[in-house]
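Trainee: the following block contains a protein sequence and its predicted model.
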Amino acid sequence: MSSMPVADRVPHSPARGVEAQRLRTFIERATFPCVAAKAVLRQGGLRMIELGPLADPRNATPLLDALMRLAPVLDEVAVGETALHSLAAVFTPDGAMDEHMFEARLWEQLQQLHDLDVARGHAWAEGVGADPDAGDFSFSLAEHPFFVIGLHPGSSRMARRAPVPVLVFNSQRQFARLRADGRYAKMQAATRARDLALQGSLNPNLADWGSAAETRQYSGRAVEADWRCPFRRTGS
């Protein structure tokens, strides 16, 4: 196997349009609390793809293609490598969206992605569950488990109030490596402290992986206690 770093063996061309630049500026702000996102951007590991309006069916193919290119990069990260990788799907603004509308479109877009993923013959990612209301669930695409973070202008959480609709796909396997080497706990503590300083409260849906359904966190809305995820797995 080549000793060349994975990021060099799998080159990428980040989106450089107006909407992608607006997202970069948002992340680079001093008040933006997520230290992991800042690190990914600083290291050059944040891939961006610009798409049409959120939930437009035409987004599914290019977005899944981008995730299929990213998944091998995430799976081949060498032991001890500190570089982080994520994909941000930046969507064309399509009028004002409140939190409920954004949440509905987020799950519509993810359902479209899943259906295409199944049509391409991909199995569910190993090591995570497929029940979106269970604590072991992660969203599977290209046979890789992802944690999805939604951002949009109408979010009640300032940390999620991006200037355009965005879905960020973070690798659960990358999170596991960060937990193993101790970086995850440090990043989590720093991010929560910064978020508390920014807004005066923490998102009530925050939970450690495995303790509650991660789908409750995807949209950023403070979902109800009896909320159930609208996603449904298709295929076997």
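Mentor: Arrived safely.

Trainee: same for the longest strand seen in the chain, what does it pack against?
Mentor: In the chain, taking DSSP state E as the definition, the longest strand is strand 144-151. Secondary-structure packing of strand 144-151 (3 or more Cβ pairs under 8 Å, 6 or more residues apart in numbering; DSSP states H and E): helix 60-75, helix 99-119, strand 139-141, strand 166-171, helix 172-180. Every residue, glycine included, has its C-beta placed from N, CA and C.

Trainee: so for residue 229, which of those sits nearest?
Mentor: helix 99-119 (7.3 Å; Cβ to Cβ).

Trainee: mind checking how far that closest one is from the chain centre?
Mentor: 13 Å (Cα atoms, centre = their mean, to the nearest Å).

Trainee: show me which residues of it are buried.
Mentor: 99, 102-103, 105-118 (16 or more other Cβ atoms under 10 Å).

Trainee: go on, stretch 49-67?
Mentor: 49-51, 53-56, 59-60, 63-64, 66-67.

Trainee: now swap in stretch 181-193 and tell me
Mentor: 183-184, 187-188, 191.

Trainee: farthest-apart pair in those, please.
Mentor: 183 and 191 (12.0 Å).

Trainee: work out for me the element residue 135 sits within.
Mentor: Using DSSP states H and E, residue 135 sits within no helix or strand.

Trainee: what about it, how many neighbours?
Mentor: For residue 135, the neighbour count with other Cβ atoms under 10 Å is 14.

Trainee: that one and residue 74, how far apart?
Mentor: Using Cβ to Cβ, to the nearest Å, residue 135 is found at 22 Å from residue 74.

Trainee: could you list the low-confidence segments of this structure?
Mentor: Along the chain, segments meeting pLDDT under 70 span 1-16, 78-80, 207-211, 236.

Trainee: now with 50?
Mentor: 1-14 (pLDDT under 50).

Trainee: quick one: buried residues of stretch 126-135?
Mentor: For stretch 126-135, by 16+ other Cβ under 10 Å, it's 128-130, 132.

Trainee: can you add secondary structure and distance to residue 151 and give those back as JSON lines?
Mentor: As requested, the buried residues of stretch 126-135 are exported to JSON lines (DSSP: H, G, I helix; E, B strand; the rest coil; distance: Cβ to Cβ, whole Å):
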{"residue": "128", "secondary structure": "coil", "distance to residue 151": "23"}
{"residue": "129", "secondary structure": "strand", "distance to residue 151": "25"}
{"residue": "130", "secondary structure": "coil", "distance to residue 151": "25"}
{"residue": "132", "secondary structure": "coil", "distance to residue 151": "20"}
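
Trainee: dump those residues to TSV, plus distance to residue 178.
Mentor: Shown next, in TSV, are the buried residues of stretch 126-135 (distance: Cβ to Cβ, whole Å):
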residue	distance to residue 178
128	16
129	21
130	24
132	23
